[in-house]
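J.: Build me a model from this:
(chains A and B)
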Amino acid sequence: MGPMIERAIVKNGPRLAVRIGRNFGKGPASQNADGLYAVAGVILPLDHPVQLARSFRRLTGWKPAEPGSAGGH
Amino acid sequence: MAPRVRAQAPAATGTDKISFVRAGVFLGRSGSAIGPTLYVEVNPLRWLGVCAVAAQSQSTSSEAGGVADDWDFSSGFCVTAHAPAMKGFVISPFAQVGYQNNHERFAMRLADGDLYRDGDNEHGGNGSWGR
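T.: Numbers count the residues shown, from 1 in each chain, chains lettered A, B, ... in the order given. Predicted structure coming up:
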């Protein structure tokens, strides 16, 4: 059967995924390019939105400013 | 004697379990041409899930002195199984059935200046299986 292959970019964060298959049946999709179905993209786990947001911080390397560290002399 | 301290291994990527609900965006050949796909997946079991897809694809080409537009919209659902992760990679076989609306339009300027137009609308069910 057809595979979707995926891998997490960061823990609890977005995942890169590729889906490969073949269209069949009467639809026009099965008549073009031998019915090739191939898509690639990003999947987001939605169970823990907070952890997902933190994963984006890790992904971008962004760190929240510590209290008192901004504008101090 | 100093206590032995075990170094903490960094969190490995790709080893976290499959979420109960996931959503995604894909780009590629989903129908007759290339376009975006929206994807939603629900996994009642850790290793088994159901998913829904909605995709659109579009292509424009020059043929026989005219311009041909081909676009379609596909929607469907699928069943997927999740194998255990191997080296961070998860392989999930899927079977998908869908319904596709396909539209073709052809326009060509004739020698007398008139615009010739032709079109076709086609629809039908299809399924996707990985090879």
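
J.: okay, CA-based contacts and neighbour counts for the rest of this
T.: Noted.

J.: where does chain A have low pLDDT?
T.: Within chain A, the stretches with pLDDT under 70 are A:1, A:64-73.

J.: what about the helices in it?
T.: Under the criterion DSSP state H, chain A contains helices at A:49-60.

J.: got the residues of it near chain B?
T.: Listed as neighbours of chain B in chain A under the rule Cα under 8 Å from any Cα of the partner chain: A:1-12, A:20-33, A:35-47.

J.: For whichever helix or strand residue B:101 is part of, C-alpha coordinates in CSV please.
T.: For residue B:101, the enclosing helix or strand under DSSP states H and E is strand B:89-109. Output in CSV follows, covering the C-alpha atoms of strand B:89-109 (Å, rounded to 0.1, in the frame of the first residue of the first chain):
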residue,chain,number,x,y,z
PHE,B,89,11.4,8.4,10.1
VAL,B,90,7.8,7.2,10.3
ILE,B,91,6.4,5.3,7.4
SER,B,92,2.6,5.3,7.2
PRO,B,93,0.9,3.3,4.5
PHE,B,94,-2.4,4.9,3.4
ALA,B,95,-5.4,4.2,1.1
GLN,B,96,-7.4,7.1,-0.1
VAL,B,97,-10.6,7.6,-2.0
GLY,B,98,-11.8,10.8,-3.4
TYR,B,99,-14.0,12.7,-5.7
GLN,B,100,-12.6,15.0,-8.4
ASN,B,101,-14.1,17.8,-10.4
ASN,B,102,-11.9,18.6,-13.4
HIS,B,103,-12.4,21.5,-15.8
GLU,B,104,-10.7,22.1,-19.1
ARG,B,105,-10.9,25.3,-21.2
PHE,B,106,-9.3,26.0,-24.5
ALA,B,107,-9.2,29.4,-26.2
MET,B,108,-7.6,30.2,-29.6
ARG,B,109,-7.7,33.4,-31.7
